[in-house]
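# Got a predicted model here, sequence first, then my questions.
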Amino acid sequence: MNDCVYAFFIGTNAELIKTMPVISRFKREGIEPLIIASGQNYPLEEEVLEMSGIDRIDLQLATGEIPQKPYALFAWFFTTFARGLWMMFAFVRSLDARRRVMIVHGDTISTVMGAVLGQLFGFRVVHLEAGLRSGNMLRPFPEEIDRNLTSLLADVDFCPNEDACGNIPRARSEE
């Protein structure tokens with residue numbers, strides 16, 4: 001496991017809370033994961049960072065509040081993604097040549113952003129809480145779209161149950 005660089009791409013406080021046990025396990029195993037924050041929830045809650053043992057954010061893509069309207073969220077996504085491309089280029093160059101793994105969680109626009117940036121920069125993308133589906137691309141919106149896009153981008157999926165595993169395109173094609 002130590003022959004890899006592991007980066008957690010965190011967008012929201014809920015993602016941080018749900019990945020906290022995984023991050024804590026990495027730390028107990030002596031692996032110091034990198035933390036990349038999209039800024040979808042800025043700043044990430046200090047108490048949650050403290051509980052996870054995270055003492056720093058290695059790369060912060062955006063800061064400031066996002067207006068809670070769908071068009072503003074999409075505008076934020078595209079400007080943050082463009083900034084992220086530039087920042088990730090320099091960030092990845094600073095990493096050593098070990099294999100790289102980008103860990104994303106859930107179904108937010110930050111999940112998709114992390115998966116796309118991971119793929120573009122040669123990371124294996126691992127999706128936690130993969131395969132959840134409502135069956136309606138517009139409900140919940142945009143989460144259902146985020147789920148489907150992330151499934152297409154992920155190299156490894158960790159599903160919460162058997163039904164979710166059945167919704168992963170690779171899992172269906174390998175049966």
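Structure received.
# Residue nearest the middle of this structure, spatially speaking?
For the chain, the residue nearest the mean C-alpha position is Val104 (2.5 Å; Cα atoms, centre = their mean).
# Who are the contact partners of the nearest residue to Phe121 once chain neighbours are set aside?
Ranked by Cβ to Cβ, 6 or more residues apart in numbering and with sequence neighbours excluded, the top spatial neighbour of Phe121 is Val92, at 4.8 Å. For the C-beta atoms, the positions are set from N, CA and C on the backbone; glycine is no exception. Counting by Cβ atoms under 8 Å, 6 or more residues apart in numbering, Val92 makes contact with 100, 121-122.
# Sheet partners, orientation included, of whichever strand or helix holds the residue nearest to the centre of the chain?
In this structure, Val104 sits in strand 99-105 according to DSSP states H and E. Applying DSSP bridges, strand 99-105 is found paired with strand 4-10 (parallel), strand 124-128 (parallel).
# hey, which of the ones you listed is tucked in deepest?
strand 4-10 (a mean of 24; mean count of other Cβ atoms under 10 Å).
# re the thing from before, now distance to Thr108 too, for the strands paired with strand 99-105, in a markdown table please.
Converted to a markdown table, these look like this (distance: least, Cβ to Cβ, whole Å):
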| stretch | distance to Thr108 |
| --- | --- |
| strand 4-10 | 10 |
| strand 124-128 | 12 |
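# out of the ones you listed, which comes closest to Ala72?
Comparing the strands paired with strand 99-105 against Ala72 with Cβ to Cβ, the closest turns out to be strand 4-10 (20.6 Å).
# for the record, mean pLDDT for the closest one?
The pLDDT scores in strand 4-10 average 96.
# The residue nearest to the centre of the chain touches Val125, doesn't it?
Yes - using Cβ atoms under 8 Å, Val104 is in contact with Val125, at 6.6 Å.
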